[in-house]
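Peer 1: Below are the sequence and a predicted model; questions follow.
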Amino acid sequence: MLSHHKLIELYRLMLLIRRFELRAIDERRQGLIPGFIHPYVGEEACAVGACAALNRDDVITSTHRGHGHLIAKGGDVRLMMAELAARETGYCAGKGGSLHMTDFDLGIMGANGIVAGGIPMAVGAALAFKKQAANGAPMRVALSFFGDGATNEGAFHEALNLAGLWKLPVIFFCENNLYGEGTPQNKQAPVSQLSLRAQAYAMPGVTVDGNDVLAVYQATRAAVERARHGAGPTFIEGLTYRYRGHYEGDPQVYRSPQEVAEWQARDPIPRFRRWLVEAGVSESDIEQAEGQVLAMVDEAVDYARKAPPARVQDALSGVYGNAHNGAVF
Ligand SMILES: Cc1ncc(C[n+]2csc(CCOP(=O)(O)OP(=O)(O)O)c2C)c(N)n1
Ligand SMILES: [Mg+2]
């Protein structure tokens with residue numbers, strides 16, 4: 001069982017993702033942030049539950065809906081907000097925006113604008129980890145986040161095939177939010193339970209309530225144990241839902257307000273808050289975490305506002321290298 005401290009940490013991180021994104025949406029409307037945002041609002045339990053089962057030196061790959069993954073793996077919200085605001089002090093020196101934030105020190109191999117693009121990257125990392133472990137290093141684990149739509153891409157199937165064949169230490173975490181852009185799942189795949197797809201690649205596939213942070217944590221923990229002990233990959237499907245559009249500004253003609261309301265009744269954040277209170281965590285500890293989150297988001301906006309804008313003359317530096325070392329290849 002998790003300690004009180006760790007339980008509050010799960011709540012704090014989910015709330016930080018929610019508040020960070022709602023604030024970013026607001027700041028975008030007011031002009032601080034150019035470019036697109038694909039909000040993760042509603043899906044926070046997936047990122048937080050899964051990353052809570054990883055070590056700092058394990059790695060994740062992310063998606064176009066990546067803010068939650070970064071924050072859950074320890075990403076700095078000041079550098080994230082500065083990046084969204086196209087500032088020189090942001091994660092990619094203000095040149096990448098929402099879709100490219102990366103932090104190798106934290107094992108974050110990057111947000112990714114290419115649907116399913118992160119999945120083979122995680123398999124490559126897992127192959128390296130397996131080879132390093134054969135030379136005596138502790139086994140590290142790679143976890144790839146991707147959506148339901150990504151499971152219809154060739155890259156998904158090729159990556160799972162090799163991971164299953166080579167028994168690599170990788171976890172495939174599918175955030176099934178029922179839609180790929182505006183296309184509902186029954187119009188894009190012949191199976192509705194996506195974890196069944198794991199069978200074709202000789203790995204366990206489990207479906208969990210992706211709005212229950214503890215259920216996600218437990219499933220991921222079991223998968224991490226398997227991977228660390230050389231038993232190979234696991235596919236986890238988290239059933240969840242995004243409360244906002246595919247992108248901020250999406251008119252959402254493909255779904256009904258009733259459907260959204262039904263899922264909002266299962267919001268992972270107030271649900272876990274109620275659970276914490278029932279489990280004996282004090283109101284004051286919870287409120288303290290809530291206060292910290294608000295202060296961090298305010299500080300992130302302040303940091304972004306004060307930072308210098310990205311400069312046109314730096315546009316070609318760091319394109320293929322570390323954005324901070326100015327290298328051009
Ligand atoms: C290879 C590729 N094809 C198409 C797109 C356009 N696109 C961006 S997001 C998206 C939907 C992805 O759906 P899903 O994987 O379920 O993720 P979700 O947006 O629901 O989180 C599509 C088709 C893209 N970015 N990359
Ligand atoms: Mg989806």
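Peer 2: Received, thanks. Residues are numbered from 1 along each chain as shown. Ligands and ions are numbered 1, 2, ... in the order given.

Peer 1: which residue packs closest to the residue in the stretch 51-200 of the chain that ligand 2 sits nearest to, ignoring adjacent ones?
Peer 2: Nearest residue of the stretch 51-200 of the chain to ligand 2: Gly147, at 3.6 Å (CB to the ion). Every C-beta, even on glycine, is put in place using the N, C-alpha and C of the backbone. Excluding the flanking residues, the one nearest Gly147 by CB to CB, 6 or more residues apart in numbering is Glu175, at 5.5 Å.

Peer 1: Report the contact partners of the nearest residue to Val216 once chain neighbours are set aside.
Peer 2: What sits nearest to Val216 in space, not counting adjacent residues and going by CB to CB, 6+ apart, is Gly49, at 2.7 Å. Under the criterion of CB atoms under 8 Å, 6 or more residues apart in numbering, the contact partners of Gly49 comprise 10, 212-217, 219-220, 238.

Peer 1: What is the nearest of those to ligand 1?
Peer 2: The shortest approach to ligand 1 among those belongs to Gly238, at 11.4 Å (CB to the nearest ligand atom).

Peer 1: what pairs with the closest one across the strands?
Peer 2: Under the criterion DSSP bridges, Gly238 forms beta bridges with Glu175, Val208.

Peer 1: ok, now which ones touch the residue nearest to Gly147?
Peer 2: Taking CB under 8 Å, 6+ apart as the criterion, Glu175 is in contact with 43, 46, 65, 145-148, 210, 238, 240.

Peer 1: Okay, and which of those residues map to strands?
Peer 2: Under the assignment DSSP state E, the contacts of Glu175 contribute 145-147, 238 to strands.

Peer 1: Who wins on neighbours among those?
Peer 2: Looking at the ones in strands among the contacts of Glu175 with neighbours defined as other CB atoms under 10 Å, the largest count falls to Phe145 at 31 neighbours.

Peer 1: My guess is it contacts Ala50. True?
Peer 2: Yes: contact criterion CB atoms under 8 Å: Phe145 and Ala50 qualify, at 7.3 Å.

Peer 1: which residues are in contact with both of the two?
Peer 2: Applying CB under 8 Å, 6+ apart, one finds that Phe145 and Ala50 are jointly contacted by Phe173.

Peer 1: how about the strands in the chain?
Peer 2: Listed in chain order (using DSSP E), the strands of the chain are 59-61, 142-147, 170-176, 179-180, 183-184, 205-209, 234-239.

Peer 1: quick one: average confidence on the last one?
Peer 2: If I follow you right, that is strand 234-239. Averaged over strand 234-239, pLDDT sits at 98.

Peer 1: got the contact list for the residue in the stretch 1-150 of the chain positioned nearest to ligand 1?
Peer 2: For the stretch 1-150 of the chain and ligand 1, the shortest gap (CB to the nearest ligand atom) falls at Gly147, measuring 2.3 Å. By CB under 8 Å, 6+ apart, the contact list for Gly147 reads 63, 65, 115, 174-177, 180.

Peer 1: Would you quantify the distance from the nearest residue to Arg19 once chain neighbours are set aside to Tyr201?
Peer 2: Once flanking residues are discounted, Arg19 sits nearest to Val297: 4.9 Å by CB to CB, 6+ apart. Going from Val297 to Tyr201 by CB to CB, to the nearest Å gives 40 Å.
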